[in-house]
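>>> Fold the following, please.
(4 chains)
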2 protein chains.
Amino acid sequence: MAVNLKQLAELLGLSQTTVSRALNGYPEVNAETRRRVLDAVRTTGYRPNRAAQRLATGKAYSIGLVMPIASGIDSDIHFGEFLAGLAEEALKHDFHFVLNPSAPDDEEATFRRLAASGNVDAVFLAYMRRNDPRIPILKSLSIPFVVHGRSIGGPRDYPFLDVDNTRAFYDAAKLLLQLGHHRIALINGPEYLAFSLRRKKGLMLALEEWGLHHDEALVHHSVMTDEYGYRSMQSFLQRPDPPTAVLCSSTVLALGVVRAINQAGLGIGRDISVIAHDDVLPMLKPENFSVPLTTTRSSLRAAGARIATRLIASILNRGDYPQQELWRAELVVRASTGSAPGR
Amino acid sequence: MAVNLKQLAELLGLSQTTVSRALNGYPEVNAETRRRVLDAVRTTGYRPNRAAQRLATGKAYSIGLVMPIASGIDSDIHFGEFLAGLAEEALKHDFHFVLNPSAPDDEEATFRRLAASGNVDAVFLAYMRRNDPRIPILKSLSIPFVVHGRSIGGPRDYPFLDVDNTRAFYDAAKLLLQLGHHRIALINGPEYLAFSLRRKKGLMLALEEWGLHHDEALVHHSVMTDEYGYRSMQSFLQRPDPPTAVLCSSTVLALGVVRAINQAGLGIGRDISVIAHDDVLPMLKPENFSVPLTTTRSSLRAAGARIATRLIASILNRGDYPQQELWRAELVVRASTGSAPGR
DNA sequence: GGAATCCTCCAAAGCGCTTTGGATACCTGT
DNA sequence: ACAGGTATCCAAAGCGCTTTGGAGGATTCC
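The predicted structure is shown next:
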């Protein structure tokens, strides 16, 4: 059943050279011939042998992945979702993964090992921090990479895909301001992560524009779990002047937030408005919340798939993708946002 | 810097054949010669080219992984932890992964594709269900595999690594019974998973042995998140005859359980005893709970690593590992367990 | 009409390893 | 001393692909 190049070539009465070239899009092959080849591929189900290609080209046809482990719940549900997107796309192109579980303080060594092994053509990077040290490292190792997110500070001269987090939270905050909210809290991701900083900045920009003072006490940073969402919200509610609206960096956080609000006997969208960033986790849909959640939406899985696409295209140097992309998150208004109470 | 076989052979004044054989443990090579070869490998840092090996041997040197996604929070923190162990070990042996994100209802097709692709030598399998259909499928595809956990029902003639969950929860329940508890609740994983069923069975065995009736209302099945732990515990506490002890299938569940107990103003280990199964998640240590948690401990990461070891050994047919392993979880008694109240 | 150019295609040489099918020398036992 | 082992080693043939360096014919240009 499984044919190889040689057999395919014989079948077509062509040389392996020509068939190979036809398949790899080289110009020196007649259009009609190429069509015949492609047809034959379809009927025979020919699939090039990756091992042979690896040997002949020196390419690895696989991408490196540093998997955050240990301290911090980074290796959380968000990572899995992202990974799913990456993997799905990689599978289509028959690319493998080299998964490198690594503690944050060991990442440099991990990258060096990875680059030296020659086992990967490119590397994927996420959880960007401010002045992220990994970027210069990867540059110096001269191994292609694409970053999810982007660093804060330092030159912005590397390939990335990021969501415009500043904008997303600016938009969300603005909606709340227009609804008359003045005290807006933020339950954010870990402070050392760039996206957290940008989201906070988004909120602050909106407040500033509105001529409002920003209260640092209304911003919490933590791991993005249900648990912390609950605790943060509880502590906000215990203040003498609780916020009338809250922004959450994840629907996972929102889960806890909602619980705390319910428990306090308050009404979501009435007494307190809630907006969460929605990474489109399949198991946590904002529309399924008891009070459907207003969100800033941007699919994490889609981002994973897109990065895989770009990574693979650059390895095969096919296709032409922008090196830097900033996705705009969509503000989806649902029932969890309403006018500020007493207005 | 990087030498290849040919250069290494020249350097040693040997043929490639001999060097190759020395490295791969063939008998027809002099002990002294082998030592010289191994020495040379060390000094030159020779690493065989995987692509060439793949081509020559037809082996893929990679293992297939079906990554549970979509509905159900299966793709949770536990999976990540397991994966980390697997990856760590794979890395040591320069094995790659083929990650197949797949919805449960699509798994069969996924396996077929995987097996047909010839891209993997073996497959890893987890989240066993009762009469799990994937086992016969994989057998019929005649691709080596190792299962984490084991099915319930059907022949037990496949390679697996499992924790003796029945035993673990039997042990835990017995401890509670000895402490005088009679009403023991169980907050378990999803009902369709084999390990959940076994854990329940462990509890029931202990109760039975103690001559106690088992109350079905005291067993909850759900996704293992903080959230559900909290809800379950709350509902238990609202009963007219609340349990005096509770078993949790994960420390993640215990997180919610602890919160519910605290909130009810009850004392852990005094009013209510808690035992959780500890998968040794680095970010959730039972000793760090406000009241240190009594647990049945078995490292998920270690299990991942062990399965990788076995998978790889079987692919390389090196080493001799048991085909079926049943690990015993260790009962670690801490402060969350105490005598039943009023005794 | 002959040289210069294209357009297509091909033979063959690798890529770096494993493995087959012997060689060669050294021991056996008789 | 000789047939038959035994222990070591080697040359060479792949594995299935890419890529170099042409070849052959058709076309174009003066």
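
>>> alpha carbons only for contacts and neighbour counts from here, please
OK.

>>> can stretch A:87-105 be found next to DNA strand D?
No: using C-alpha under 7 Å from any atom of the strand, stretch A:87-105 stays clear of DNA strand D, with a minimum separation of 13.2 Å.

>>> Tell me which other helices or strands the helix or strand encompassing residue A:113 touches.
With elements taken from DSSP states H and E, the one containing residue A:113 is helix A:107-117. Secondary-structure packing of helix A:107-117 (3 or more C-alpha pairs under 8 Å, 6 or more residues apart in numbering or on different chains; DSSP states H and E): strand A:62-68, helix A:134-140.

>>> Of all these, which one is nearest DNA strand C?
Among the helices and strands packed on helix A:107-117, strand A:62-68 comes nearest to DNA strand C, with 17.2 Å by C-alpha to the nearest atom of the strand.

>>> what lines up beside the closest one in the sheet?
Sheet pairing here is set by DSSP bridges, and for strand A:62-68 it gives strand A:96-102 (parallel), strand A:122-125 (parallel).

>>> would you list those in JSON lines and tack on distance to residue B:6?
Output for those, formatted as JSON lines (distance: least, C-alpha to C-alpha, whole Å):
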{"stretch": "strand A:96-102", "distance to residue B:6": "27"}
{"stretch": "strand A:122-125", "distance to residue B:6": "28"}
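
>>> rank those by mean pLDDT and give me the bottom one.
Among the strands paired with strand A:62-68, strand A:96-102 carries the lowest mean pLDDT, at a mean of 90.

>>> by how many degrees do that one and helix A:107-117 diverge?
150 degrees (axes from the mean of the first three to the mean of the last three C-alpha atoms, to 10 degrees).

>>> Let me know the helix or strand that the closest residue to DNA strand C within the stretch 51-200 of chain A is in.
Using C-alpha to the nearest atom of the strand, the closest approach of the stretch 51-200 of chain A to DNA strand C is made by residue A:56 at 3.4 Å. Element membership of residue A:56, judged by DSSP H and E, is helix A:50-57.

>>> Give the buried residues for that helix.
A:50, A:51, A:52, A:53, A:54, A:55 (16 or more other C-alpha atoms under 10 Å in any protein chain shown).

>>> and that helix, what other elements does it pack with?
Using 3+ C-alpha pairs under 8 Å, 6+ apart: helix A:50-57 touches helix B:50-57.

>>> So the helix it packs on, near DNA strand D or not?
Yes: using C-alpha under 7 Å from any atom of the strand, we find that helix B:50-57 touches DNA strand D at B:52, B:55, B:56.

>>> Now do the closest residue to the first one other than its chain neighbours, the pLDDT please.
Just to be clear, that refers to residue B:52. Nearest non-adjacent residue to residue B:52, counting by C-alpha to C-alpha, 6 or more residues apart in numbering or on different chains: residue A:55, 5.8 Å away. We have a pLDDT of 95 for residue A:55.

>>> what do you get for the one 10 residues further on?
Taken from the predicted model, the pLDDT recorded for residue A:65 is 90.

>>> Same check on residue A:75?
51.

>>> same deal with residue A:336?
98.

>>> since we're on the closest residue to it other than its chain neighbours, how many residues are nearby?
Using C-alpha to C-alpha, 6+ apart and skipping residues adjacent in sequence, the residue nearest residue A:336 is residue A:269, 4.1 Å away. When neighbours are counted by other C-alpha atoms under 10 Å in any protein chain shown, residue A:269 registers 23.

>>> Test my guess that residue A:269 contacts residue A:338.
Yes: using C-alpha atoms under 8 Å, residue A:269 is in contact with residue A:338, at 4.8 Å.

>>> which ones are touching residue A:310?
Each residue near residue A:310 by C-alpha atoms under 8 Å, 6 or more residues apart in numbering or on different chains is listed here: residue A:321.

>>> gap between it and residue A:140?
As judged by C-alpha to C-alpha, to the nearest Å, residue A:310 and residue A:140 stand 21 Å apart.

>>> List the residues that contact the closest residue to residue A:183 other than its chain neighbours.
Nearest residue to residue A:183, sequence neighbours excluded (C-alpha to C-alpha, 6+ apart): residue A:243, at 4.7 Å. The contact partners of residue A:243, by C-alpha under 8 Å, 6+ apart, come to A:182, A:183, A:184, A:185, A:218, A:236, A:237, A:272.

>>> Closest one of these to residue B:284?
residue A:236 (25.0 Å; C-alpha to C-alpha).

>>> got a pLDDT number for the closest residue to that closest one other than its chain neighbours?
Excluding its sequence neighbours, the residue lying closest to residue A:236 (C-alpha to C-alpha, 6+ apart) is residue A:242, at 5.7 Å. At residue A:242, the pLDDT value in this model is 96.

>>> Format the residues of helix B:50-57 next to DNA strand D as CSV; extra columns: distance to residue A:324.
What follows is the residues of helix B:50-57 next to DNA strand D, written out as CSV (distance: C-alpha to C-alpha, whole Å):
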residue, distance to residue A:324
B:52, 36
B:55, 37
B:56, 40
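
>>> from those residues, which is closest to residue A:90?
residue B:55 (21.3 Å).

>>> thought that closest one was touching residue A:53?
No: using C-alpha under 8 Å as the test, residue B:55 is too far from residue A:53 to be in contact (9.3 Å).

>>> Who are the packing partners of the helix or strand containing residue A:231?
Residue A:231 is part of helix A:226-237 when elements are defined by DSSP H and E. Where contact means 3+ C-alpha pairs under 8 Å, 6+ apart, helix A:226-237 is packed against strand A:184-188, helix A:251-263, helix B:226-237.

>>> got the buried residues for it?
Those would be A:226, A:227, A:228, A:229, A:230, A:231, A:232, A:233, A:234, A:236, A:237, for helix A:226-237 by 16+ other C-alpha under 10 Å.

>>> Show residues contacting it.
With C-alpha under 8 Å, 6+ apart as the criterion, helix A:226-237 contacts A:185, A:187, A:218, A:220, A:222, A:242-243, A:252-261, B:226-227, B:256.

>>> one more time with 6 Å
A:242, A:252, A:253, A:255, A:256, A:257, A:260 (C-alpha atoms under 6 Å, 6 or more residues apart in numbering or on different chains).

>>> List the strands paired with the very next helix or strand once past it, with their directions.
Later in the chain than helix A:226-237, the nearest helix or strand by DSSP H and E is strand A:245-248. In the sheet, strand A:245-248 lines up against strand A:184-188 (parallel), strand A:273-278 (parallel) (DSSP bridges).

>>> Kindly export strand A:245-248 (C-alpha atoms) in PDB.
Extracted C-alpha coordinates of strand A:245-248, given in PDB (Å, rounded to 0.1, in the frame of the first residue of the first chain):
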ATOM      1  CA  ALA A 245     -17.300  46.400  39.000                       C
ATOM      2  CA  VAL A 246     -14.500  44.000  38.600                       C
ATOM      3  CA  LEU A 247     -12.300  42.900  35.700                       C
ATOM      4  CA  CYS A 248     -10.900  39.400  35.700                       C
END
